[in-house]
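Enquirer: sequence and predicted model, in that order:
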Amino acid sequence: MISKAESYRLLWDFALPAESLTASGKWVLGAMQSEGPELITMLWRILGNEQDVCDAYQDTFLHLAHCENGIRPRNIKAYLFRSASNTAISILRRRLIEQKNLPDVAAAAKTETTADDLDSRRLQLQLRYNVAKLPQYLRDVITLHDLAEFPYARVAKILSITETSARVYRHKAIQLLAVWMNKEE
Amino acid sequence: MKNKETTNCKDIRGRLNKIISCYLSFDAAWVQNHIVNCPKCQKRFSSVGRVYLALSLLKSRPHQLDLLRQANIQTIDTLAHSVRQHHKADKLKIARPEPKFIERLSPLKGSLANTAACIVILFLARMGIFNSMEKFQADSQKAIEHYYEKQVGQELSDEIFSTRLSSPKSI
């Protein structure tokens, strides 16, 4: 992780002219200040792991800073939340593959939990991995409406769809999740 | 005319939505009766319930208070030197999640409403609305006195109004 951070730092220091960096940096910091807390909450709910949340957060803001050569996007909020959701889902998928490839590590992680919260953790894990399996248009609505807790109007604005479509997609997503989680049971 | 029609449409749509949501929700009696007797629907209902339960479990698990600070530090460290030196960056490195302005005001809702009411009353008094109301009352009383003088005579009218002024509760 440190090496990744160092490489990004070097990229930023030498790859772009200093003036454009200062100009872009200000609005990136502004976006971090205004959207940071909500973004962290959403990422935490998707990933459930602090280090992964920090990585996804970092990637999201680096994407934003590099977006169209440092030009500020029209709707920063929409860009941030969609980008963060996609980054988090790809991290989640990577974790799923790791768990499949390294069953011993997964088993060790399971034994660390107490018997009381085992069921609830399993249920949360099941939901996370099934959300990652959803098609993107359904997944976006679930992450924004249920995990980021945005109202339908805001979700519709971020995803550039109508409010009714957002409601329908959410309903479909819940139905799919229910079927998949029931099968696993 | 057009406005009236629009209002009617809105009313009707609102009523229809209410009726439909009452009739078609999971809490509707006919739905509940069906679920009780249908094992397939019971299964479906319970699996949807599991999803909602998992969602609420995800929401109820809080993160560490300094997660935002950690994430900000990690992210800012990867930005350009000039950005890292910006005063906003220093603020972000010690940032903690705080409740929104509206959430912070929610315990003061009652007292804020009372204060607003007091301000409105003071504003009305300042505008002279209360003074003009008193003036209007006095004028109307004079008009009634004048009417009684005409109808029943000066003496009787004086008697009635002097009694009324001396003991207003008895009238």
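Expert: Structure received.
Enquirer: switch to C-alpha atoms for all contacts and neighbour counts from now on
Expert: Noted.
Enquirer: what's the closest non-adjacent residue to A:Ile89?
Expert: Spatial nearest neighbour of A:Ile89, excluding adjacent residues (CA to CA, 6 or more residues apart in numbering or on different chains): A:Ala132 at 5.7 Å.
Enquirer: would you check how far apart the one you found and chain B are?
Expert: Distance from A:Ala132 to chain B, counting by CA to the nearest CA, to the nearest Å: 14 Å.
Enquirer: cool, and A:Thr162?
Expert: 18 Å.
Enquirer: for that residue, give its distance to A:Val141.
Expert: 12 Å (CA to CA, to the nearest Å).
Enquirer: from the chain's centre, how far out does stretch A:53-71 sit?
Expert: Between the centre of stretch A:53-71 and the centre of its chain there are 12 Å (CA atoms, centre = their mean, to the nearest Å).
Enquirer: stretch B:105-120 too?
Expert: Distance, stretch centre to chain centre, for stretch B:105-120: 11 Å (CA atoms, centre = their mean).
Enquirer: next, count neighbours for B:Val36.
Expert: Residue neighbour count, defined by other CA atoms under 10 Å in any protein chain shown, stands at 10 for B:Val36.
Enquirer: just give the nearest non-adjacent residue to it, would you?
Expert: B:Gln42 (7.2 Å).
Enquirer: B:Gln154 now?
Expert: B:Tyr148 (7.9 Å).
Enquirer: any idea how far B:Lys93 is from that neighbour?
Expert: With CA to CA as the criterion, B:Tyr148 and B:Lys93 are 82 Å apart.
Enquirer: B:Lys59: neighbouring residues, count only.
Expert: Neighbour count of B:Lys59, defined by other CA under 10 Å: 18.
Enquirer: nope, B:Asp66 is what I meant
Expert: For B:Asp66, using other CA under 10 Å, the count is 13.
Enquirer: which non-adjacent residue is nearest it?
Expert: Spatially, and ignoring its direct neighbours in sequence, B:Asp66 is nearest to B:Arg96 (6.3 Å; CA to CA, 6+ apart).
Enquirer: which residues in chain B form helices?
Expert: B:2-24, B:29-37, B:39-60, B:67-76, B:81-84, B:87-93, B:101-105, B:109-127, B:129-152, B:154-166 (DSSP state H).
Enquirer: tell me which of these lies nearest to A:Lys172.
Expert: Smallest distance to A:Lys172 across the helices of chain B (CA to CA): 11.3 Å, for helix B:39-60.
Enquirer: ok so, going back, deepest-packed of the helices of chain B, please.
Expert: Burial of those is given as mean neighbour count (mean count of other CA atoms under 10 Å in any protein chain shown); helix B:67-76 ranks first at a mean of 23.
Enquirer: follow-up on the earlier one: pretty sure the residue nearest to B:Gln154 contacts B:Ser157?
Expert: Yes: the pair B:Tyr148 / B:Ser157 is scored as a contact, 5.7 Å apart, by CA atoms under 8 Å.
Enquirer: gap between the residue nearest to B:His86 when sequence neighbours are not counted and A:Cys54?
Expert: In space, and not counting its chain neighbours, B:His86 is closest to A:Lys26: 8.0 Å by CA to CA, 6+ apart. Going from A:Lys26 to A:Cys54 by CA to CA gives 21 Å.
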